[in-house]
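Let me see the structure of the following:
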Amino acid sequence: APTTAAAAPGKPAPARAALDRSIFRAYDIRGVIGKTLDAETARLIGQAIGSAMQAQDARTIVVGRDGRLSSPQMADALIEGLRQAGREVIDIGAAPTPVVYFAAYHLRAGSCVSVTGSHNPPDYNGFKIVIEGETLAGDAIQKLYERIAENQLYLADNPGMVSRRDVTEDYINRIAGDIQIERKLRVVVDCGSGIAGGIAPQLLEAIGADVEPLFCEVDGNFPHHHPDPSDPANLQDLVSVVKRVDADLGLAFDGDGDRLGVVTKSGEMIYPDRLLMLFAADVLERNPGACVIYDVKCTGHLAMHILRHGGSPLMWKTGHSLIKAKMRETEAELAGEMSGHFFFRERWYGFDDGLYAACRLLEILSSRSETPQEIFDTLPKGVSTPELKIKVEEGRQYTFIEDFLAKARFEGARLATIDGLRADWPDGWGLVRASNTTPVLVLRFDAKDAEALERIKNLFREQLLAVDPSLQLPF
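Model (predicted):
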């Protein structure tokens, strides 16, 4: 009978001794190649995932990878570990994370791993993991670490089989079969040399858009700019091309294609919480009373907008796997995060998909006679900052938040502590939370006017420096 692998008696297991717990994060596994992550670690992670699947009697798993230079090696090692644990692997090759999620449904596998460093620097890589429809987060990811550290790894008598499939065409056909835009929109698509470049232009053309590609050649060195559309600095090339070719809109995707950024002809960056207002109004037309989930970084106008359109707003913790779990619990039809993750359960599968969200956006914009800029101008808007980040030592982001929660005092504010601390006043709000992907504190401020925004920033500035006077504040 197959057994749990055990280390040889009296011999230390050198590979496990080098295992770095810091790569097992809140929503996924992520580390620096050659420092905290290598092929042997990837193989052990594959065997740990396979062992967790064995415990659930789950047999088949899809594996796809992003365009990073280290991804082929990481994927091969991961697959070797999965096969050692007796799993049947369907390797879909280079594919955006949402296409990997799609393949798990389309091929009826139920489980998948996307090998990706997402929007991290080029020397990072990692794994986003789904087992039997559940995106692993928190304790489930820590349990993978414990399996490896304690050597509780299942070893099958015979390795599982591996087959190869390309689902790109299936994905495009599935979306284009449901979404066709009513009038042609000219869009510039900036993939920042990330893996979305291999599919985004074809997908948007398939739904009827006129596409001008920008940095769509996949290159793991990311030579033009970093593939993170939540940072306005990374959208400057897109803004200038949208103006130059007189496009209706600019769309940007992150390194693995699960996040969307949008800019208008005038060069305005449309923050994801305002895009979510548009998506919510559309979804609620067909699903009155539906729950719409948003994360703690979203504008205070959003909840009112959802209520006005007959929906049930719910604020929740930041993090794609945490949002997906909450969606399943509440049967929400739609969710979104300030980082640009959008989750459609209506007409789709409920996972975060920047490419699909772009198609839904063009569907809405093309159905109306106004220009995209005019449509966005109708959405409630105050003044707000983008995400602001304060770099700290690894792990310090968590202890800082503990200290801040214990000491901070905000008179007259309604406090939410589901994820860091958010203080809401009648005229605006401020937030500080710990990033779960990088050693930073994340802040955001949003108010009805510049005066209120400055007041709230000052209040946070005082409280932050009271906890740690050495912080370098970016505001």
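
going forward, measure contacts between C-alpha atoms and count neighbours the same way
Will do.

Show the model's pLDDT score for residue 386.
What the model reports for residue 386 is a pLDDT of 88.

That one touches residue 442, doesn't it?
No: the pair residue 386 / residue 442 is not scored as a contact, 10.1 Å apart, by CA atoms under 8 Å.

between the two, which one's more packed in?
residue 442 (20 against 17; other CA atoms under 10 Å).

Spatially nearest residue to that one, not counting backbone neighbours?
Spatial nearest neighbour of residue 442, chain neighbours left out: residue 389 (4.8 Å); criterion: CA to CA, 6 or more residues apart in numbering.

Wasn't that neighbour part of a strand?
Yes: per DSSP: H, G, I helix; E, B strand; the rest coil, residue 389 lies within a strand segment.

separation between it and residue 34?
26 Å (CA to CA, to the nearest Å).

So which of those two has more stuff around it?
Neighbour count, other CA under 10 Å: between residue 389 and residue 34, residue 389 has more, with 20 against 11.

Relative to residue 27, how far out is the more buried one?
Counting by CA to CA - residue 389 and residue 27 are separated by 19 Å.

before we move on, what about residue 301?
27 Å.

the more surrounded of those two?
It is residue 27, of residue 301 and residue 27, that has more neighbours when counted by other CA under 10 Å, with 23 against 19.

And what about the closest residue to that one other than its chain neighbours, helix, strand or coil?
Computed as CA to CA, 6+ apart, the closest residue to residue 27 that is not its neighbour in sequence is residue 137, at 4.5 Å. Classification of residue 137 using three-state DSSP returns coil.

How many residues are close by residue 137?
Residues contacting residue 137 under the criterion other CA under 10 Å number 23.

hang on, it packs against residue 321?
Yes: shown here, residue 137 and residue 321 form a contact pair, counting by CA under 8 Å, at 5.9 Å.

okay, and the common contacts of those two?
residue 27 (CA atoms under 8 Å, 6 or more residues apart in numbering).

Not counting its own residues, what contacts stretch 382-390?
Applying CA under 8 Å, 6+ apart, the contact partners of stretch 382-390 are 230-232, 440-450, 453, 471-475.

Tell me the buried residues within these.
Buried members of those, scored by 16 or more other CA atoms under 10 Å, are 230-231, 440-448, 453.

Do a quick rundown of the strands in the stretch 251-400 of the chain.
260-264, 269-270, 291-295, 312-316, 334-336, 342-344, 383-384, 388-391 (DSSP state E, counting those that start in this stretch).

Break the chain down into its domains, please.
Here the domain assignment for the chain is 21-167, 184-268, 271-378, 383-467, based on the TED database.

As TSV, the ones you listed with distance to residue 178 would be great.
Formatted as TSV, those follow (distance: least, CA to CA, whole Å):
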stretch	distance to residue 178
domain 21-167	15
domain 184-268	9
domain 271-378	8
domain 383-467	33
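
Tell me which of these lies nearest to residue 176.
domain 184-268 (5.1 Å; CA to CA).

roughly how far is that closest one from the heart of the chain?
On the basis of CA atoms, centre = their mean, to the nearest Å, domain 184-268 sits 17 Å off its chain's mean C-alpha point.

Quick one: end-to-end length of it, please.
Separation of the first and last residues of domain 184-268 by CA to CA is 21 Å.
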